[in-house]
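>>> just a sequence and a predicted model for now, questions to come.
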Amino acid sequence: MIPQGFIVDLLARVDIVDVVGRSVALKKSGQNYLGLCPFHGEKTPSFTVSPSKQFFHCFGCGAHGSAIGFLMDHRGLSYVEAIQELAQGAGMTVPQEGQESGTERARSRGLTEVLQAAADHYRRQLKESPTAIEYCKSRGLTGAIAARYALGYAPEGWQSLKAVFENYADPRLAEAGLVITGEENKRYDRFRGRLMFPIRNRRGAVIGFGARVLDGSEPKYLNSPETPVYHKGQELYGLYEASEAIRRTARAIVCEGYMDVIQLAQAGFSETVAALGTAITPHQVGTLFRLAPHVIFSFDGDAAGRKAARRALEATLPAIGDDRRASFLFLPEGEDPDSLIRAHGAGAFETELARAMSLSQWFLRSVSEDCDLAQPEGRAAAVAAARPLLEAMPPGALRMQLVRVLGEAARTPAQDLENLFGLVPWRRLPPPRERADGGPGGSGRRGAGERRQVEHLKRRLLQRLLAFPGLAREFNAQIAVLAVDGIEPLDRQLAQVWRAATSGGVAHTGAVLEALAQSEYIDEFRSLATRDLREDDAESVAREELHSGFLALEAERVQAEMRRIAEEASRSGQAIAGADLDRYLELTQRLRDIRQERGAQKSAADPLERTD
């Protein structure tokens, strides 16, 4: 792999404003730059580039990343290619990759080469097969649409690909999913007697195939297996062909099958894609939202279609923001896009699109299905079904509105639902002396409400460290306590950001995120980084907030230990004495010192204690 230190040095020399400015007209606005987003159509600039954080974010479609990420998303470059282009512009030479990573890159290139050769072979075979041609005509497909999607035909023979590859025993054929090794080590083609649908990545390289029988035999569809270049949960059928139309129309239509995509594209809906034989994933939804602010899911109107729509809802909620929109279309029972357009024309599908349900409508119908909302038990069941969906959403106006919609249906105040789910709204907490629930300034057992406040406090600290990673070294001791003693995911996240920010020359948000690209928490880190672009403040303000926040966490730990000592004495029926008393008095004095220090920095403490 390319050494992480080189990537850090590269991003320190590259200015993201220059990189983005070659493709987007940017205008200075405060500390940041604004422009029209290149990833979706818009008339009012919502695309923000931060020179101090070396990070971009579109508040319209949610696209975000470093200079490397911009080249990958905008130009369709691979990670290595984006680094190589930036390095060339900066006059730097990318270090030679190690033998293993170089071998892996050559391996991937070799797989796409054999897949492309197979696709070319299948296309030639389609032209020579009257049966396959007649099938395409019977489905209403034109030669132009077949060429656009590079349709092909796999002949009936067991080893048709022998005519393409001199060495049919080449291990790449099996690794690419083109051949199967059976008993006695005999090889044969995976795809035989089927119409072939090449699956291409964002750059147009063939990475796999979908294949359909021409008669009624089973299985109707056969797909490529997972390979080093093909991951079903990350790719979308037709995205290569649809990307330009998605940006132009500012919407993406997601249907269930390959033939649906082709029929819709032929009817004028070129912005159509499909999942690859599995339920759509948050990664796929996120990819579409980076291209357009509106995603429309089209499903059959039967039980299977509703089940698929529920999964699409689950995949959409974590990826959606206040400026994005999702709709859910259920076709008449017995119809799919292919059959509807062939029977009634493109106008019929356009009519169905206009009748699509909004996300809020489908959310409520989905969670209340089979629930009698006239009865308390039914309302409770609907609330229980909604909980994991709402918890998966980022905080914001849309989540707040869905809570209110659910509250109206369940006859429950929205605030009660927020308290039940732990969805603390964005608000300033009262000063510590006004709280009496066991938090700083109060007494008693730490409750769920205070635990949530601590979580939000840690998340805010994490957000500030991501925005100003140069401050991480100043708080080494405080973060080390969380890294060593903490057991919660947020403690691990703070530790990861701390390590990334203090290793080598990482000095800005973009470099930290690149260093953490393989972290299991990378999506959370990116989300928090985009929020901070709304706060046009200085490093000195962040320093004060971090100082006050770590004091607040220390106060919470001190009080927790004091509570433990008091509770142990209470259970034994004796007063606090001996070493426990000495420790309790020591903690009491430390708590006084913390409160005094926090009181001197009250102006910094208040903004820190708002929740996100």
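Arrived safely.
>>> neighbours around residue 390, how many?
Residue 390 has 21 neighbouring residues, counting by other Cβ atoms under 10 Å. C-beta coordinates here come from the backbone N, C-alpha and C atoms, glycine included.
>>> walk me through the domains of this structure.
4-89, 107-223, 239-364, 370-421, 434-608 (automatic domain parsing).
>>> would you list those in JSON lines and tack on distance to residue 95?
Below are these laid out as JSON lines (distance: least, Cβ to Cβ, whole Å):
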{"stretch": "domain 4-89", "distance to residue 95": "6"}
{"stretch": "domain 107-223", "distance to residue 95": "19"}
{"stretch": "domain 239-364", "distance to residue 95": "30"}
{"stretch": "domain 370-421", "distance to residue 95": "37"}
{"stretch": "domain 434-608", "distance to residue 95": "15"}
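>>> export the ones you listed to JSON lines and tack on distance to residue 230 and mean pLDDT?
Shown next, in JSON lines, are the domains of the chain (distance: least, Cβ to Cβ, whole Å; pLDDT from 0 to 100):
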{"stretch": "domain 4-89", "distance to residue 230": "15", "mean pLDDT": "83"}
{"stretch": "domain 107-223", "distance to residue 230": "4", "mean pLDDT": "92"}
{"stretch": "domain 239-364", "distance to residue 230": "9", "mean pLDDT": "91"}
{"stretch": "domain 370-421", "distance to residue 230": "27", "mean pLDDT": "91"}
{"stretch": "domain 434-608", "distance to residue 230": "20", "mean pLDDT": "75"}
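>>> those domains: which one's closest to residue 233?
domain 239-364 (4.3 Å; Cβ to Cβ).
>>> for the closest one, measure first residue to last.
In domain 239-364, first residue to last residue: 30 Å (Cα to Cα, to the nearest Å).
>>> chain center to it: distance?
Centroid separation for domain 239-364 versus its chain: 18 Å, with Cα atoms, centre = their mean, to the nearest Å.
>>> and if you look at stretch 82-89?
Mean-position distance between stretch 82-89 and its chain equals 26 Å (Cα atoms, centre = their mean).
>>> just the CA coordinates of it, formatted as CSV?
In CSV, the C-alpha atoms belonging to stretch 82-89 read as follows (Å, rounded to 0.1, in the frame of the first residue of the first chain):
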residue,chain,number,x,y,z
ALA,A,82,-6.4,10.1,-7.4
ILE,A,83,-3.3,10.1,-5.2
GLN,A,84,-1.1,9.8,-8.3
GLU,A,85,-2.7,12.8,-10.0
LEU,A,86,-2.4,15.0,-6.9
ALA,A,87,1.2,13.9,-6.5
GLN,A,88,2.0,14.7,-10.1
GLY,A,89,0.6,18.2,-9.7
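>>> ranges for the strands of the stretch 51-200 of the chain?
For the stretch 51-200 of the chain, the strands defined by DSSP state E, counting those that start in this stretch cover 55-58, 64-65, 152-154, 179-181, 187-189, 194-200.
>>> most tightly surrounded among these?
strand 55-58 (a mean of 28; mean count of other Cβ atoms under 10 Å).
>>> tell me the strands beside that strand, with direction?
Sheet partners assigned to strand 55-58 using DSSP bridges are listed as strand 47-50 (antiparallel), strand 64-65 (antiparallel).
>>> out of the strands of the stretch 51-200 of the chain, which gets nearest to residue 579?
strand 55-58 (50.4 Å).
>>> now the closest one - C-alpha only, CSV.
What follows is strand 55-58, C-alpha atoms only, in CSV (Å, rounded to 0.1, in the frame of the first residue of the first chain):
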residue,chain,number,x,y,z
PHE,A,55,-12.5,19.3,3.3
PHE,A,56,-15.6,19.8,1.0
HIS,A,57,-19.3,19.2,1.7
CYS,A,58,-22.5,19.9,-0.1
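>>> pretty sure residue 402 contacts residue 390?
Yes. In this structure, residue 402 is within contact of residue 390 by Cβ atoms under 8 Å, at 6.4 Å.
>>> nearest to residue 232, of the domains of the chain?
With Cβ to Cβ as the yardstick, what comes closest out of the domains of the chain is domain 239-364 (4.4 Å).
>>> compare the strands of the stretch 51-200 of the chain and give me the one nearest residue 585.
Short answer: strand 55-58, nearest of the strands of the stretch 51-200 of the chain by Cβ to Cβ, at 47.6 Å.
>>> re earlier: as TSV, the strands of the stretch 51-200 of the chain with distance to residue 364 would be great.
Compiled in TSV, these are given as follows (distance: least, Cβ to Cβ, whole Å):
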stretch	distance to residue 364
strand 55-58	29
strand 64-65	30
strand 152-154	44
strand 179-181	47
strand 187-189	49
strand 194-200	35
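>>> neighbouring contacts of the host helix or strand of residue 340?
According to DSSP states H and E, residue 340 maps onto helix 337-344. Outside helix 337-344, the residues that touch it by Cβ atoms under 8 Å, 6 or more residues apart in numbering are 139-140, 255, 257, 259-260, 263-264, 267, 298, 331-332, 335, 348-349, 352.
>>> mind checking which of those land in strands?
255, 298 (DSSP state E).
>>> of the contacts of helix 337-344, buried ones?
Using 16 or more other Cβ atoms under 10 Å as the burial test, the contacts of helix 337-344 include 255, 257, 259-260, 263-264, 267, 298, 331, 335, 348-349, 352 as buried.
>>> just put those in TSV and tack on distance to residue 48.
TSV is the format used below for the buried ones among the contacts of helix 337-344 (distance: Cβ to Cβ, whole Å):
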residue	distance to residue 48
255	33
257	38
259	41
260	37
263	39
264	34
267	37
298	33
331	39
335	43
348	41
349	36
352	36
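>>> of those, which is the nearest to residue 154?
Once Cβ to Cβ is applied, the member of the buried ones among the contacts of helix 337-344 that ends up nearest residue 154 is residue 259, at 16.4 Å.
>>> thought residue 139 was touching that closest one, still the case?
Yes. Using Cβ under 8 Å, residue 259 makes contact with residue 139 at a distance of 6.7 Å.
>>> determine the longest helix present in the chain.
helix 539-572 (DSSP state H).
>>> now do it: which elements does it pack against?
On a contact count with 3 or more Cβ pairs under 8 Å, 6 or more residues apart in numbering; DSSP states H and E, helix 539-572 meets helix 448-467, helix 476-485, helix 578-600, helix 602-608.
>>> please repeat the previous calculation with a cut-off of 7 Å.
helix 448-467, helix 578-600, helix 602-608 (3 or more Cβ pairs under 7 Å, 6 or more residues apart in numbering; DSSP states H and E).
>>> tell me how far the longest one is from the chain's mean position?
Translated: helix 578-600. With Cα atoms, centre = their mean, you get 44 Å for helix 578-600.
>>> next, the angle from it to helix 539-572.
150 degrees (axes from the mean of the first three to the mean of the last three Cα atoms, to 10 degrees).
>>> who's in contact with helix 578-600?
For helix 578-600, contacts defined as Cβ atoms under 7 Å, 6 or more residues apart in numbering pick out 548, 551-552, 554-555, 558-559, 561-562, 565, 569, 576, 605.
>>> and that helix, what's buried?
Going by neighbour count (16+ other Cβ under 10 Å), the buried part of helix 578-600 is 580, 584, 587, 590, 591, 594, 595, 598.
>>> good, we can wrap up now.
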